[in-house]
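Visitor: what shape does this take:
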Amino acid sequence: MKMMAIDPGDVHCGWALFEDGQCYKVGTFIPEDLLNMVTDMLADGDIDVLVVEEYRLYPDKAKTQSYSDFPTVETIGALKYLARTRGILIVMQPAAAKRPATGFASAMKIPMLSYQKGQSRHAKDAELHGIYWTQCERKRGYQ
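Guide: This next block holds a predicted model:
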C-alpha cells in the first residue's frame, strides 16, 4: 500500500511518502507545488491513501486569524477534492496524533527521515502523521 501524509500550511506544506508502512521520502513544498505533485501521483496511481492533518481554529488563535483567507483550509479542500474525484481514501487526523506517533517512533526505534539536516518542521509533522496512521490507525480497520 502506498500512502502520502501531508502537513498543510499557509506557506509550506510537509509531505512524506510511505510504502508498506515504511517512509521512504520526505520534503516540503509551497502549496501549489504540493497540489501539482499530488495530482501527478494520483494520475499515475502512485498513491492509495492520503493522510492529512486537519485544520481547527481554536478560540485562542482566532484573533490572529482575523481577515485571513485561510490558505491552509483551501489546500486541504483541494486535496479532498483530488482524492475523492479519483476514489482515493483520504484520512483526516488531528494535530494531536503527532504526540503518540513520536512516542511510538522512539519506542520502536523507527528512523525518521525528516530528522536529517535541512528538513522542515512541516516535513517532520507529515512523517509523524504517516507513522501514526500506518502503525496505529490502520490497525483499527482502514485497509
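
Visitor: C-alpha from now on. contacts and neighbour counts both.
Guide: OK.

Visitor: what number of residues lie near residue 107?
Guide: Residue 107: 9 surrounding residues under other C-alpha atoms under 10 Å.

Visitor: got the contact list for the helix or strand of the chain with the lowest mean pLDDT?
Guide: Least confident element among the helices and strands of the chain, by mean pLDDT, DSSP states H and E: helix 98-107 (a mean of 91). Applying C-alpha atoms under 8 Å, 6 or more residues apart in numbering, the contact partners of helix 98-107 are 111, 112, 125, 128, 129, 131, 132.

Visitor: show me the one in the residues you listed that has more neighbours than the rest.
Guide: The contacts of helix 98-107, ranked by neighbours (other C-alpha under 10 Å): first place residue 129, 32 neighbours.

Visitor: in the helix ranked longest in the chain, what counts as buried?
Guide: Scanning the chain for the helix with the most residues, using DSSP state H, yields helix 71-85. Across helix 71-85, burial judged by 16 or more other C-alpha atoms under 10 Å covers 72, 73, 75, 76, 79, 80, 82, 83.

Visitor: before we move on, the earlier item: how far off centre is the least confident helix or strand of the chain?
Guide: What separates the centre of helix 98-107 from the centre of its chain is 16 Å, taken as C-alpha atoms, centre = their mean, to the nearest Å.

Visitor: mind giving me the packing neighbours of whichever helix or strand comes after it?
Guide: Downstream of helix 98-107, the next assigned helix or strand under DSSP states H and E is helix 121-132. Applying 3 or more C-alpha pairs under 8 Å, 6 or more residues apart in numbering; DSSP states H and E, we find helix 121-132 packed against strand 2-7, strand 13-19, strand 22-29, strand 49-53, helix 98-107.

Visitor: now do 10 Å
Guide: For helix 121-132, the elements it packs on are strand 2-7, strand 13-19, strand 22-29, strand 49-53, strand 89-93, helix 98-107, judged by 3 or more C-alpha pairs under 10 Å, 6 or more residues apart in numbering; DSSP states H and E.

Visitor: any idea which of these is most buried?
Guide: strand 2-7 (a mean of 26; mean count of other C-alpha atoms under 10 Å).
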